[in-house]
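Participant: Here is a sequence together with a model predicted from it:
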Amino acid sequence: MRVWFFIAMLILLPSVNAIVYYNITIQNRDAILNITFTLHSDVKYDIWQINWELPQKSQIISIKDEKGHISDYSINNGMLFFETNPYKSNERTINLNLLVKNAVSDEFAPLYKLELFLPSFKGEETIVHVYLPHIISGDVSYGFKEYYEENFAQFTGKESLELNLFYSFSGKEYKNFVLFGSGDLRQADELFSLVKNVTGANIPFKKFPVFVMNDEDFEAKIKYWGTAVHMKGGIIIIKESAMNSPFNASIILHEVTHGFNAKALKWSQTNITWFDEGISSFMEYLVNDKLNLRQGQLFGETVYFNENGKKISIKPKGNKEELWRYYYNRDNFMLSWNTDNPSTRDFGYAFSELVIRDVVKKNGINKIKEAYKDFKKINHTVTDINEFNDIVLGALDSNFRPCYYLEKTKFEECLKQINEQKIILPGFNDNVIEKNVVVTPSFNNTLINNTFESSNYLESSFKEKLISLLETIINFLNKLFH
């Protein structure tokens, strides 16, 4: 008797289960995949017919089962078809050896990236072992546990996965970074623990690869705006001009925060960026203040100062009147803000940071760490915009309306307090951040462009409006009768 095994059919056959093992090595720019999977059934069969999805650009090296080589097979539309050797059993073990061409990219040489899609059975356990020299960082699909050593990485989870690993035989080593290109990461390295201390989050790999790219190539190949970007797998790409600026530490740690969030928020598949950019911009603000660099106010006033006999002005991050109009018009596009939209980009970065700084002002900086603890409790993928915002805003205890008041004087006073707040940095001897001022660059990441009304926001917003209205009435009556 024969039985067909399609990847999708395992879910229809409750008596059948499987476990898939991958052992991966590299040969020049190609990857060698040694795949072993064992199929179990309650019924014994003489011949098992297998249908297996092949990774892109793969070639068959060999197919085996317990009885020996299998030479008769066919490939159609990326699917491999073959039959096992005759052997009546309710358990069969199959071994595939595949060659995946050009799996290693040298786009950022001497930093190399291994990128693979690894098929598996739906709902079944998958264990991946990767043997690579000098692994620096990496990333896999949601639901997989990650473990990294210098020359070995292991990933365990269920179903298929996408894999990105960076490795290199060179680069300038720091405690938390490997630098490719000219520059100095000592300040960013010394302040790296700030990201851990504020978020309480961790990354499974030990270092971030940082690749310095000349400005023209960055704008042509990576992003026409911005100064740096964090990409899947942990790599940070920074413009040469930004690396040579006094702000390279805050720029790098902004991107490091994106790397932390890529792990902490992996359950989110909504591409909503306000929280990711808000935390990253907040970290940038903390680093600049820690280094006593001047930075612009947040929805505040233009700042003037003298330097070397010259009068210098620094514009605020975000326009206060635009924020007032956002509230007045009851806009809510920030709940699904897209950084790729030039018309809302500057406002979006500033508003996202304002949300976080408002949370810190009301609840203390430890509220951020508490939110990240809540994120660890999420055990399913989130694709709904409503659900994402309810989770994050609930964890932050925020109504997504920072400094919202019906009276403009109260609105402006709140912004003034935000810009004057002093923050105790955890893990830095409780040093107080003093208020300073500087222009900081714009950054990265993309997002979908949808909007919705959050039930939490509507409830909190209504309460604030009611309180503000009552205060206005009381003030009017006091003036009328006194």
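Facilitator: Perfect, I can see it now.
Participant: my guess is residue 58 contacts residue 100, does it?
Facilitator: Yes - with contact defined as Cβ atoms under 8 Å, residue 58 reaches residue 100; the gap is 4.7 Å. C-betas here are computed from N, CA, C, even on glycine.
Participant: which neighbours do the two share?
Facilitator: Between them, residue 58 and residue 100 share these contacting residues under Cβ atoms under 8 Å, 6 or more residues apart in numbering: residue 33.
Participant: Domain boundaries for the chain, per the record?
Facilitator: With automatic domain parsing as the criterion, the domains of the chain are listed as 2-168, 172-466.
Participant: Please give the centre-to-centre distance between the first one and its chain.
Facilitator: When distances are taken as Cα atoms, centre = their mean, to the nearest Å, domain 2-168 is centred 26 Å away from the chain's centroid.
Participant: same check, this time on the longest one
Facilitator: On the basis of Cα atoms, centre = their mean, domain 172-466 is displaced by 13 Å from the centre of the chain it belongs to.
Participant: Now do the SS call for residue 170.
Facilitator: Look at residue 170: counting by DSSP: H, G, I helix; E, B strand; the rest coil, its state is coil.
Participant: per-residue confidence for the closest residue to it other than its chain neighbours?
Facilitator: Taking Cβ to Cβ, 6 or more residues apart in numbering as the measure, residue 170 lies nearest to residue 110, with 4.7 Å between them; neighbours along the chain are not counted. According to the predicted model, the pLDDT of residue 110 comes to 97.
Participant: quick one on the thing from earlier: need the domains of the chain in TSV (columns: mean neighbour count).
Facilitator: Rendered in TSV, the data for those read as follows (neighbours: other Cβ atoms under 10 Å):
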stretch	mean neighbour count
domain 2-168	17
domain 172-466	18
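Participant: Check the gap between the residue nearest to residue 170 and residue 184 for me.
Facilitator: Using Cβ to Cβ, to the nearest Å, we find residue 110 at a distance of 19 Å from residue 184.
Participant: what does residue 146 give?
Facilitator: Distance, residue 146 to residue 184, by Cβ to Cβ: 30 Å.
Participant: name the element residue 154 belongs to?
Facilitator: Secondary-structure element containing residue 154, defined by DSSP states H and E: strand 152-158.
Participant: Report the mean confidence score over that strand.
Facilitator: On average, the pLDDT along strand 152-158 is 96.
Participant: which helices and strands sit right next to that strand?
Facilitator: In terms of contacts (3 or more Cβ pairs under 8 Å, 6 or more residues apart in numbering; DSSP states H and E), strand 152-158 is packed against strand 125-131, strand 135-140, strand 145-148, strand 161-168.
Participant: SS state for residue 321?
Facilitator: Three-state call for residue 321 (three-state DSSP): helix.
Participant: Which neighbours in the sheet does the biggest strand by length in the chain have, and how are they oriented?
Facilitator: With DSSP state E setting the assignment, residue counts place strand 30-45 as the longest strand in the chain. Sheet pairing here is set by DSSP bridges, and for strand 30-45 it gives strand 17-27 (antiparallel), strand 89-100 (antiparallel).
Participant: So for residue 245, which of those sits nearest?
Facilitator: When those are ranked by proximity to residue 245, the top entry is strand 17-27, at 36.5 Å, counting by Cβ to Cβ.
Participant: List the contacts of the closest one.
Facilitator: Outside strand 17-27, the residues that reach it (Cβ under 8 Å, 6+ apart) are 10, 31-40, 99, 103-104, 114, 116, 118, 120-121, 124-132.
Participant: just stretch 60-69 next, same as before
Facilitator: Applying Cβ under 8 Å, 6+ apart, the external contacts of stretch 60-69 come out as 32, 70-71, 73, 75, 80, 82, 84-87, 92-99.
Participant: Touching, residue 91 and residue 40? I think so.
Facilitator: Yes - in this structure residue 91 lies within contact range of residue 40 using Cβ under 8 Å: 5.2 Å.
Participant: circling back: could you list the residues in contact with the strand holding residue 154?
Facilitator: Outside of strand 152-158, the residues within contact range by Cβ under 8 Å, 6+ apart are 120, 123-132, 135, 138, 140-141, 143-147, 161, 163, 165.
Participant: Recalculate using a threshold of 10 Å.
Facilitator: Contacts of strand 152-158 with the rest of the structure, by Cβ atoms under 10 Å, 6 or more residues apart in numbering, involve 20, 22, 24, 114, 118, 120-132, 135, 137-148, 161, 163, 165, 167, 204-205.
Participant: Now do the helix or strand harbouring residue 197: which elements does it pack against?
Facilitator: Under the criterion DSSP H and E, the helix or strand holding residue 197 is helix 193-199. Contact here means 3 or more Cβ pairs under 10 Å, 6 or more residues apart in numbering; DSSP states H and E; on that basis helix 193-199 packs against helix 248-264, helix 274-290, helix 366-376.
Participant: just so I know, which of those lies nearest residue 421?
Facilitator: Comparing the helices and strands packed on helix 193-199 against residue 421 with Cβ to Cβ, the closest turns out to be helix 274-290 (10.7 Å).
Participant: Report the inter-axis angle for that closest one versus helix 366-376.
Facilitator: Angle between the axes of helix 274-290 and helix 366-376 is 140 degrees (criterion: axes from the mean of the first three to the mean of the last three Cα atoms, to 10 degrees).
Participant: Break down the stretch 301-450 of the chain into its strands, ranges please.
Facilitator: Counting by DSSP state E, counting those that start in this stretch, one finds strands in the stretch 301-450 of the chain at the ranges 303-307, 310-314.
Participant: Go through the ones you listed and name the closest to residue 264.
Facilitator: Judged by Cβ to Cβ, the one of those that comes nearest to residue 264 is strand 310-314, at 32.3 Å.
Participant: hang on, the earlier thing: as a markdown table, the helices and strands packed on helix 193-199 with distance to residue 327 and mean pLDDT would be great.
Facilitator: Written out in a markdown table, the entries for the helices and strands packed on helix 193-199 read as follows (distance: least, Cβ to Cβ, whole Å; pLDDT from 0 to 100):
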| stretch | distance to residue 327 | mean pLDDT |
| --- | --- | --- |
| helix 248-264 | 27 | 97 |
| helix 274-290 | 16 | 97 |
| helix 366-376 | 23 | 97 |
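Participant: Turn those helices into CSV, including distance to residue 314.
Facilitator: Conversion of those to CSV gives the following (distance: least, Cβ to Cβ, whole Å):
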stretch, distance to residue 314
helix 248-264, 15
helix 274-290, 12
helix 366-376, 26
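Participant: between those, which gets nearest to residue 226?
Facilitator: Checked against Cβ to Cβ, the stretch from those lying closest is helix 248-264, at 9.6 Å.
Participant: Now for this protein, the helix or strand with the poorest mean pLDDT.
Facilitator: When the helices and strands of the chain are scored by mean pLDDT, DSSP states H and E, helix 455-481 comes last with a mean of 44.
Participant: on that earlier part again, send me the helix holding residue 197 as PDB with only the CA atoms.
Facilitator: Once side chains and other backbone atoms are set aside, the C-alpha atoms of helix 193-199 remain, and they are given as PDB (Å, rounded to 0.1, in the frame of the first residue of the first chain):
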ATOM      1  CA  SER A 193      23.700  49.100  28.500                       C
ATOM      2  CA  LEU A 194      21.400  52.100  28.600                       C
ATOM      3  CA  VAL A 195      19.100  50.300  26.100                       C
ATOM      4  CA  LYS A 196      19.000  47.200  28.200                       C
ATOM      5  CA  ASN A 197      18.500  49.100  31.400                       C
ATOM      6  CA  VAL A 198      15.600  51.200  30.100                       C
ATOM      7  CA  THR A 199      13.800  48.400  28.200                       C
END
